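S.K.: Show me the folded form of this:
(chains A and B)
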Amino acid sequence: MAKVTVSLPQGTRDFSAEVVRKRNYIFNTIRNVFELYGFAPLETPAMENLDTLMGKYGEEGDKLIFKILNNGLDNPAKQEQIRTDFEKVLEGKNTKTITERALRYDLTIPFARYVAMNYGQLTLPFKRYQIQPVWRADRPQKGRYREFYQCDADVVGSNSLLNEVELANIYATVFAKLGVEVEIRINSRKILAALAELCGGADKLIDITIAIDKLDKIGIEKVKEELVQRGLAVAQIDIIEKYLAITGSNEEILAAVTALIGHTEIGKAGIEEIEYVLEYNSPLTTHHSPLTIDLTLARGLNYYTGLIFEVKAIGVQMGSIGGGGRYDDLTGLFGVPNVPGVGISFGVDRIYDVMEELKLFPETVHTGVKILFFNLGEQESKVAFALMQQLRNNNIGCELFHEAAKMDKQFKYADKKQIPIAIIIGSKELEEGTCLVKDLLLGEQKTIAQSDLVKEFI
RNA sequence: GAGGGUGUAGCUCAGUAGGUUAGAGCGACAGUUUGUGGCACUGUAGGUCGUGGGUUCGAGACCCAUCAUUCUCCCCA
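M.R.: Numbering: from 1, shown residues only, chains lettered A, B, ... in the order given. A predicted model of the protein is given here:
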């Protein structure tokens, strides 16, 4: 046989039967909870117009968008134009003659585009969920792929904090069902904005958030260094250091942060939001979410304006497995202003890795056929085939071994495919009109009439 | 964008300081066993050692380049 040298693009994966079943288990769990909370499904195309995506994810994000090369670039009639345009591409500009479409980078921006396009028809508040792959031209590493799934739930057209409460509950419910122990961290962009205000202006917000987001990785001294590099004065950094020094229970954190920034209007608003959501998550409500205030939580995406979420799995080294937050004006980017929204996202691929590492998948994710009919000859397999079809008509999954082979081989096949029951019809059973039903897990077997077989399994 | 690690059989890896015909385990296939599996035993197939150059009497091993892959940082799910 010729040596084949096929491979997969970097950061992409094939999913075998077992993996697909495990992944579906996660998808179904999430989907069921979304539906339970009144969210309706939406799907959007794999590709969007490049204009829709560019500039929405920051400078870094733009670089990570997979652009699709236009067709017909080899058209001799347009060669001159394409050459000059390609020069512009080399300078970092995008040119429509070279590329005008791109693979979606997340589900939020396509959703915002959808809302903007269909605003007149939507019943507000509009609650949708979306489970689809996204693509990023990132360097792959542990828990990071170039093609991965996101599961988003968003509400637009409502300012109510009840939405935040519900989304936090969705997180708690899904991870409880999956058996993954998590910490749901919350913070408010308003608190960060207040901090920025105290430290010399709103224009420093992004610099500050980027720096403090790294606290648990690089430590307070390095964060201070970075803040100096980003042009903050010593007095301003002192305030940030005080802010970052705040620790303790949720109540203690709230008290301390109120003392620090509670006198600013925006800071007060942020604190009140967090208090509201925490109150709803008191033990009085059905789901007691493990919500933790994390003042260093900032989130990279700069469209967030209110409460922000991030979910970390406990007991395993892994980046965040979910995140989200409130954005005031996402559709404003597409010409429909003043539509507030809030959403969350699940990182299924990382959740899968976490569950695999902690061995949290239940045995029951295997959903192959229940029964294997042995094939012991031409006459025998005809009878087996007829019985098999009867079972299938009754919604019982089964298959017949593809050829008359040694029993030992057929047993091994059942074993490999994890089929729990074998039905054996040989010359003896053929004569008697019976069949032998063997439970392969217990090793027990019994002979029953062929006419009783369907009854046996219904 | 920056920096490491690793590429030897279908898979996981040995291969010692360069030295004849490159090994193991698992898997596959066949047999012991023509109607009772998972175990055991026996046997068979499968490799131009990622690719291209160089050093050497001699390279899987050393050097350079290249490709692939993986991990860390950046950023993120």
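
S.K.: Would you mind measuring from residue A:372 to residue A:385?
M.R.: Residue A:372 sits 13 Å away from residue A:385, taking CB to CB, to the nearest Å as the criterion. C-beta coordinates here come from the backbone N, C-alpha and C atoms, glycine included.

S.K.: what residues are shared contacts of these two?
M.R.: residue A:400 (CB atoms under 8 Å, 6 or more residues apart in numbering).

S.K.: For those two, indicate the residue with more neighbours.
M.R.: Each of residue A:372 and residue A:385 has its neighbours counted (other CB atoms under 10 Å); residue A:372 has more, 25 against 14.

S.K.: does that one count as helix, strand or coil?
M.R.: strand (DSSP: H, G, I helix; E, B strand; the rest coil).

S.K.: Do I have it right that it meets residue A:416?
M.R.: No: at 10.7 Å, residue A:372 does not count as touching residue A:416 under the criterion of CB atoms under 8 Å.

S.K.: Overlap of the contact sets of the two?
M.R.: Joint contacts of residue A:372 and residue A:416 (CB under 8 Å, 6+ apart) do not exist.

S.K.: Give the buried residues for the helix or strand containing residue A:379.
M.R.: Assigned by DSSP states H and E, residue A:379 belongs to helix A:378-393. Neighbour counts over helix A:378-393 (16 or more other CB atoms under 10 Å) mark A:380, A:381, A:383, A:384, A:387, A:388, A:390, A:391 as buried.

S.K.: For that helix, the averaged confidence score.
M.R.: Average pLDDT, helix A:378-393: 92.

S.K.: Spell out which residues of the stretch 301-450 of chain A are next to RNA strand B.
M.R.: Residues of the stretch 301-450 of chain A found near RNA strand B (CB under 7 Å from any atom of the strand) are A:301, A:319-323, A:345, A:347, A:349-350, A:376, A:406-409, A:411-412, A:414-416, A:424, A:426-430, A:436, A:438, A:440-441, A:443, A:445.

S.K.: 6 Å instead, please
M.R.: A:301, A:319-323, A:345, A:347, A:349-350, A:407-408, A:411-412, A:414-415, A:424, A:426-429, A:436, A:438, A:440, A:443, A:445 (CB under 6 Å from any atom of the strand).

S.K.: Narrow the residues you listed to those in strands?
M.R.: Mapping these onto strands (DSSP state E) picks out A:322, A:323, A:345, A:347, A:424, A:436, A:438, A:445.

S.K.: Tell me the strands beside the very next helix or strand once past the helix holding residue A:379, with direction?
M.R.: Next in sequence after helix A:378-393, counting helices and strands by DSSP H and E, comes strand A:398-400. Using DSSP bridges, the strands paired with strand A:398-400 are strand A:371-373 (parallel).

S.K.: So what touches the partner strand?
M.R.: A:381, A:384-385, A:387-388, A:391, A:396-401, A:410, A:413-414, A:417, A:419, A:421-423, A:425, A:457.

S.K.: quick one on the thing from earlier: could I have the buried ones of the residues of the stretch 301-450 of chain A next to RNA strand B as PyMOL selection syntax?
M.R.: Remark: buried members of these, expressed as a PyMOL selection using 16+ other CB under 10 Å:
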select buried, chain A and resi 301+320+321+322+323+345+347+349+350+411+414+424+429+436+438+440
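
S.K.: which residues touch the residue in the stretch 351-458 of chain A that RNA strand B sits nearest to?
M.R.: When scored by CB to the nearest atom of the strand, the stretch 351-458 of chain A has residue A:426 as its residue closest to RNA strand B, at 2.0 Å. Applying CB under 8 Å, 6+ apart to residue A:426 gives the contacts A:374, A:376, A:377, A:380, A:436.

S.K.: Which elements pack onto the helix holding residue A:379?
M.R.: strand A:371-373, strand A:398-400, helix A:427-432, helix A:453-457 (3 or more CB pairs under 8 Å, 6 or more residues apart in numbering; DSSP states H and E).

S.K.: so what's the backbone phi/psi at the residue of the stretch 351-458 of chain A closest to RNA strand B?
M.R.: Per-residue torsions, residue A:426: phi -110, psi -170 (degrees, to the nearest 10).

S.K.: okay, and for chain A, where does confidence drop off?
M.R.: Across chain A, the ranges flagged by pLDDT under 70 are A:1-5, A:201-202, A:282-289, A:300-301.

S.K.: what ranges do the strands span in the stretch 201-350 of chain A?
M.R.: A:291-293, A:307-313, A:322-327, A:341-347 (DSSP state E, counting those that start in this stretch).

S.K.: Redo the ones you listed as CSV? Include distance to residue A:20.
M.R.: Output for the strands of the stretch 201-350 of chain A, formatted as CSV (distance: least, CB to CB, whole Å):
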stretch, distance to residue A:20
strand A:291-293, 33
strand A:307-313, 22
strand A:322-327, 22
strand A:341-347, 17
